[in-house]
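A.B. asks: Predicted model and sequence follow; I will ask about them next.
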Amino acid sequence: MEPARPFSPSCADTQGIEQTVLVIAENAAIEEMLILMLRLAGYHTSALCARRRPAITWVAESALRFPALVLLDVDLCGVLTGSLDFLHLVQAQWRAVAKEIPPMILLTTSSSVGVTLEQEGYSVLAKPFHLKELFDKVKRVMNRDEEVLETGMSLPPATQWRIITMFDYHSLSTRVGEQEFVVERLFTALRTLMFQVFTQPEHLKRWWAPQPFTIPICTIDLRPGGIWHYCMHSPQGQDHWARSVYNEIVPPEKLVYTSTFADEHANPIGGMPEHLTTVAFTEEASKTHVSARVQFASAAALSVAVNMGMVQGMSMTWEYLVGYVQELQAK
């Protein structure tokens, strides 16, 4: 691998070009997670969304924007299974268009792929990761501790950075406020079906857990004061229990419940700040707009949940839900 140097565009006229973070992810949910993390740190002015296209084509086109950093999910379409060909192709495209290769942080869930990439000299971040891990890696790669690149080009404040994306988010939105966050999406399905997939154990087992976790146990007492209790099982064999107590149920319009971590007997335990979730189901012709507003007692509590990956986890599972609903309708 040719070591990546701090990026300085060869083009003579670069005035007015914003410093960019180019995000290329395995799917829209992972990309949304990365975008949200960077936005929380202020690394954007606005999001520039592009249509879904072949990754290598889009990388070449985006080189003309002179990104200062690339976050590349190498699990993208399984292209890196036992091969570095895709990365070499990406670098060739960058070199052909922009003459230089910008710094890259590679993301992967595979420990063996990660080891191989690190041996090749790449900067690697294993998925899943915490917010601090991402920011520490960005700082190291971009030499932000010194605030000046080796080329002498000063880095702008984080609020002047722009995030470029590959996916269209007209149907998926995540917003973070002072003490709450909101996830919403438009589903091509009737409201009655969407209410069912949020309230029936046989459905929730299929989409509620972010991969590679599973939900082997899920029980629901669907009434005010009733408890939704489930187990999230990790690939390492660990069981993580949680529970929600229903405050309000209006089929098929609304669900309101309070959630915490729990033990196997549904007794609440510490670890995750208690939060109130309101899920609203709104009919729009033959589609259903679903929004989940998750509220915390304080900004500090919200920060704990975000750092634990709660927002990105929900974004990922809602992406799975799209495919699951399509499966149900095809039957």
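C.D. replies: Arrived safely, thanks for sending.
A.B. asks: so how far is Thr174 from Tyr257?
C.D. replies: 20 Å (C-beta to C-beta, to the nearest Å). Backbone N, C-alpha and C define where each C-beta goes, glycine included.
A.B. asks: now swap in Pro201 and tell me
C.D. replies: 26 Å.
A.B. asks: now Val23
C.D. replies: Where Thr174 is concerned, Val23 sits at a distance of 14 Å (C-beta to C-beta).
A.B. asks: More neighbours: those two, which one.
C.D. replies: Val23 (26 against 21; other C-beta atoms under 10 Å).
A.B. asks: Could you list everything that one pairs with in the sheet?
C.D. replies: Beta-bridge pairing for Val23 (DSSP bridges): Leu71.
A.B. asks: That one touches Ile105, doesn't it?
C.D. replies: No - in this structure, Val23 is not within contact of Ile105 by C-beta atoms under 8 Å, at 10.2 Å.
A.B. asks: The residue nearest to Ser259 when sequence neighbours are not counted and Gln295, how far apart?
C.D. replies: What sits nearest to Ser259 in space, not counting adjacent residues and going by C-beta to C-beta, 6 or more residues apart in numbering, is Ser244, at 4.3 Å. Using C-beta to C-beta, Ser244 is found at 14 Å from Gln295.
A.B. asks: Equivalent analysis for Ser259, please.
C.D. replies: Noted for Ser259: a distance of 11 Å to Gln295, by C-beta to C-beta.
A.B. asks: Which one's more surrounded, the two?
C.D. replies: The neighbour comparison of Ser259 against Gln295 (other C-beta under 10 Å) goes to Ser259, with 19 against 16.
A.B. asks: tell me which element the more buried one is part of?
C.D. replies: Assigned by DSSP states H and E, Ser259 falls within strand 254-262.
A.B. asks: per-residue confidence averaged over that strand?
C.D. replies: Across strand 254-262, pLDDT averages out at 97.
A.B. asks: And for stretch 281-294?
C.D. replies: Average pLDDT, stretch 281-294: 94.
A.B. asks: change the start of the numbering to 29 and stick with it
C.D. replies: All set: I'll call the first residue 29, so the last point we hit is now stretch 309-322.
A.B. asks: residues of it that come out buried?
C.D. replies: Applying a neighbour-count criterion of 16 or more other C-beta atoms under 10 Å, one finds Phe309, Lys315, Thr316, His317, Val318, Ala320, Arg321, Val322 buried in stretch 309-322.
A.B. asks: contacts for that stretch?
C.D. replies: 208-219, 221-223, 226, 280-282, 303-308, 333, 338, 342 (C-beta atoms under 8 Å, 6 or more residues apart in numbering).
A.B. asks: pretty sure the residue nearest to Ser287 is touching Leu304, no?
C.D. replies: No - with contacts counted by C-beta under 8 Å, Ser272 stays clear of Leu304, the gap being 9.9 Å.
A.B. asks: Give me the common contacts of the two.
C.D. replies: Tyr285, Thr286, Ser287.
A.B. asks: looking at the sheet around Leu134, what are its partners?
C.D. replies: Note on Leu134: beta-bridge partners by DSSP bridges are Leu100, Val152.
A.B. asks: Next one: it relative to Glu148, how far apart?
C.D. replies: For Leu134, the distance to Glu148 - C-beta to C-beta - is 10 Å.
A.B. asks: All set now, cheers.
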